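> Predicted model and sequence below, questions to follow.
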Amino acid sequence: MSTATPTLYVGIDVSKATLDVAILPSGRHFVVSNDERGIDELLGGFEDPRPTLVVLEASGGYERPVAAAIAACGIAVAVVNPRQARDFARATGRLAKTDALDAKVLARFAEAVRPEPRALPDEEAREFSAILARRRQIIQMMSAEKNRLGAATSVAVARRIGAHVRWLEKELGRTDRDLDEAIEGSPAFKENEALLRSVPGVGPVFLCRTLMAELPELGSLPPRELSALVGVAPLNRDSGTLRGRRAVWGGRARVREALYMGALVATRYNPCIKEFYERLVAAGKPKKVALVACMRKLLVILNALLRDRTPWRCPHALNS
């Protein structure tokens, strides 16, 4: 007589040093170190029986090694936004917060919500994302140092700040070369960049490479689902007879920031986006609302390009 394989849901609270693991329905809890040895120990405990779903919170990159190792073993893993997990905890009355409790909340979240596992970026994509993140850090440091330079009253201090700014500028150039080499060394990245940059308004670094690093789902999801993932889909705020104003929120902030700048440029130089923007403004839409709609339209266009593997063609040119 065969016995049914038990359905196990696992929540892992990730920190820099440790992994707090909770398993349902058994209620088992244990802690391992967040390093190669601890991850091997964790995977050893998943062999019999194997979990149905493992859920982790995004933790500033500390979750990536363990998530990649779990996925490599063929176990479904979902990395969720911390806000989702916290809102779930509040909804179920769990207001206290410790690593052990957070792991149990994530396991309960896996059991109740069952978030859809998504393919994790490969090593090549993770390396590209890390270089791009470093570029953002350098730009932030340059901005801070230039502000300090403007306020410096000491000649000696101003000299040292100026030297640091010059070093950061050289480091920025080196980082840009690293990004170029990463793209040149990857046929997939190179083709994707060419497709994305064929659209007027898509700059080489800020939007194009941000999308490649931060939105690997581009080209594989339906437009509405992708818009919600990024956070440019208007959400209803209705209750009874009240019809509230639609608003966008949540999603991936860095992608949304890059899309904003891209849409701003596109409203001037992309005939399709420009016409769409002007039509919305002429119809009485606030400019900010019209610009968010342009962000969504630009995202849908880019999604279609990568899905169909065809460069952008101006609709006006096709109809002429």
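That came in fine, so what should we check first?

> Disregarding flanking residues, what is the spatial nearest neighbour of residue 294?
Leaving aside its chain neighbours, residue 294 sits nearest to residue 263 (4.3 Å; criterion: C-beta to C-beta, 6 or more residues apart in numbering). Every C-beta, even on glycine, is put in place using the N, C-alpha and C of the backbone.

> does that neighbour really touch residue 201, like I thought?
Yes: taking C-beta atoms under 8 Å as the contact criterion, residue 263 and residue 201 are neighbours in contact, 6.9 Å apart.

> Give me the common contacts of these two.
273, 298 (C-beta atoms under 8 Å, 6 or more residues apart in numbering).

> Quickly note the distance from residue 97 to residue 286.
To residue 286, residue 97 is 39 Å away according to C-beta to C-beta, to the nearest Å.

> what do you get for residue 271?
For residue 271 relative to residue 286 (C-beta to C-beta), the value is 23 Å.

> Comparing those two, which shows the higher neighbour count?
residue 271 (13 against 10; other C-beta atoms under 10 Å).

> how about the more buried one, phi and psi?
In terms of degrees, to the nearest 10, the main-chain angles of residue 271 are phi -60, psi -40.

> try residue 163
Backbone torsions of residue 163, given as degrees, to the nearest 10, read phi -60, psi -40.

> Could you tell me whether residue 30 really is in a helix?
No: counting by DSSP: H, G, I helix; E, B strand; the rest coil, residue 30 is located in no helix; its state is strand.

> List the buried residues for the strand or helix carrying the residue nearest to residue 294?
If you go by DSSP states H and E, residue 263 is part of helix 253-269. By 16 or more other C-beta atoms under 10 Å, the buried positions in helix 253-269 come out as 255-256, 258-260, 262-263, 265-267.

> does residue 17 really touch residue 32, like I thought?
No: using C-beta under 8 Å as the test, residue 17 is too far from residue 32 to be in contact (10.4 Å).

> Give me the below-cutoff pLDDT ranges for the stretch 201-320 of the chain.
235-250, 315-320 (pLDDT under 70).

> Counting by contacts, list what the helix holding residue 263 packs against.
Packing partners of helix 253-269 (3 or more C-beta pairs under 8 Å, 6 or more residues apart in numbering; DSSP states H and E): helix 208-214, helix 223-230, helix 271-282, helix 287-308.
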